[in-house]
Every structure is written in C-alpha cells, then in structure tokens.
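Participant: The following block contains a protein sequence and its predicted model.
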Amino acid sequence: MTTTRRAVLAGSAALATGALLGTSEAQAHSRPKPTVVLVHGAFADASGWNGVATKLVRDGYPVIAPANPLRSVASDSSYLASILATLSGPIVLAAHSYGGIVITNAATGNPNVKALVYVAAFAPDQGESLLQMQTQFPGSRLNEAALDFRPYAEGLVDGYIKKEFFRDVFAGDVSKSAAEVMQASQRPADARTLGEPSGVPAWKTIPSYYLVAKNDQVLPAAAQRFMAKRAGAHIDEVGASHVAMISQPSAAADLIRHAAG
C-alpha cells in the first residue's frame, strides 16, 4: 500500500471516529435532564430547598418542590405518588428528614423514578417507624421536652419544636435571625407519624444517594449511616446540622446532580 493511500485511509478513519464521537456528544447534550422533586420534612416547608433549587434551576433541571401535607405516612406518600404520576420522563426524588419516609413509600413501583436522594433523611425498611429509627442510636435531642403538642381535631395532635429549642436542636449552623423565621413559620406534623410503620421501601429497587449531616441533633449521624449503608447508597458526608440542605446547599445540589447522572 502506498504512503499516500495509507494517509487517505487514516484520515478517513479519523473523520469517521470524530463524526461518531460528535454524534454521541450531541445525543448526550440533547438528552433531557430528569425532573428533580424536592420533598421537605416536618417542622419545615418547601422554602428550605430554595438554595438547592436555585442551583439546579440555573443548571437547567426542571424542579418542583411540592408541599408535604405532614398528616400521615400513608396519606403523605399517596399524595406525593399522585404528583409523581403527573410527571413524564425520568425523575430524581430528593428528601429531607421526615420527607425520606415519604419518598421511600411514594416511589415504590414507579418506573420513572431513577434515583432517591436522602439529605439527613429517614430511609426505613418495611415495618419500621420514625421513632424507632430516631432512637436506635444515641444522640437525638428532639424529645418530648423539645416539643409543643397542640390538638387540632378530636383526638388528633400536632407537634411543633419549641422556640427555645429550635435553633440548637434543628438548625444549629443557620443564623439566629434565619432560625427565628424558620421557627415562627414551621409546619407541624401529626404526632401519629412518629409511630406509623413504613411500607415496602423503594430503595430496594431504586439507586440511592445519602448526604449524612455529621452534626445532626435530630437524626443522629450513626442512624443516617446505618440506613444509608443498608440501602446500598452512595454516601457523602458534610459537617452540618439537621438542615444540611439549607446550611450546605452546594453539597446537597452536587449529590442530586450526581444522582441525576
């Protein structure tokens, strides 16, 4: 084979390879980003995800942060599942605290949910309750002394974190002024949620990711690590209070991006 012919063939091969790579890159860029659904927990509302949502929206992710009713594990999970049913394409579910038990149940059987992201969140197995997982390891300061219980209907009681405990227990690395606003605007949870058993966990069939808050005074870091390892989750850790998504929004957003692929 002549030198000239070798050069022509080599050049043609290089062009073909470049064209294939270009097509592959174009397909990657054209692939739609998954919708990120951000689920808040008890004693909070969807605004706790504002810092994370801002970063994800800036990166082009469709984001929704629905209101979690905080009435019962079963009804809250059913409500979230009904929202997920309205979404087309891949979904990444991210949850904080009590929101974790909600996504654990709501995502079960939904083929569109591609990843679960837990941020200092409960990831129980079937039959386990919030109270069981919160007290399995020592360290939680969210006890009866820290809570106000207020009846809202016959035989039904809501729980709030008392003002004098709120910042130290719930949001120790958030500014005093921000914590005061969070405390004043906190949404209570029905006390029945503490003992309500969880259903079949979605993390047994859906890839999971976990951001451990090492300074958490609500859900001990040891409990978080236990649940994350049991779920086979990819684990990141951050020096943060229970509200890691507020004090460390970049860490939470980075983990969600990782889960989104």
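Facilitator: In hand now; what should we look at?

Participant: where do the strands sit along the protein?
Facilitator: 35-39, 63-64, 91-97, 113-121, 147-153, 156-161, 189-190, 208-213, 234-238 (DSSP state E).

Participant: any idea of the angle the last one forms with strand 208-213?
Facilitator: Same thing as strand 234-238. 20 degrees (axes from the mean of the first three to the mean of the last three Cα atoms, to 10 degrees).

Participant: which neighbours does strand 234-238 have in its sheet, and in what orientation?
Facilitator: strand 208-213 (parallel) (DSSP bridges).

Participant: How about the partner strand, which residues are buried there?
Facilitator: Within strand 208-213, the residues that count as buried by 16 or more other Cβ atoms under 10 Å are 208, 209, 210, 211, 212, 213. All C-beta spots, glycine's among them, are computed from the backbone N, C-alpha and C.

Participant: now the residue nearest to residue 73 when sequence neighbours are not counted: how far from residue 54?
Facilitator: Distances taken as Cβ to Cβ, 6 or more residues apart in numbering place residue 196 nearest to residue 73, at 4.4 Å, with adjacent residues excluded. Distance, residue 196 to residue 54, using Cβ to Cβ, to the nearest Å: 33 Å.

Participant: Which residue of these two possesses the greater neighbour count?
Facilitator: residue 196 (17 against 13; other Cβ atoms under 10 Å).

Participant: so the more buried one makes contact with residue 74?
Facilitator: Yes - between residue 196 and residue 74 a contact is recorded at 7.0 Å, counting by Cβ atoms under 8 Å.

Participant: any idea of the mean pLDDT for stretch 234-252?
Facilitator: Mean per-residue pLDDT for stretch 234-252: 98.
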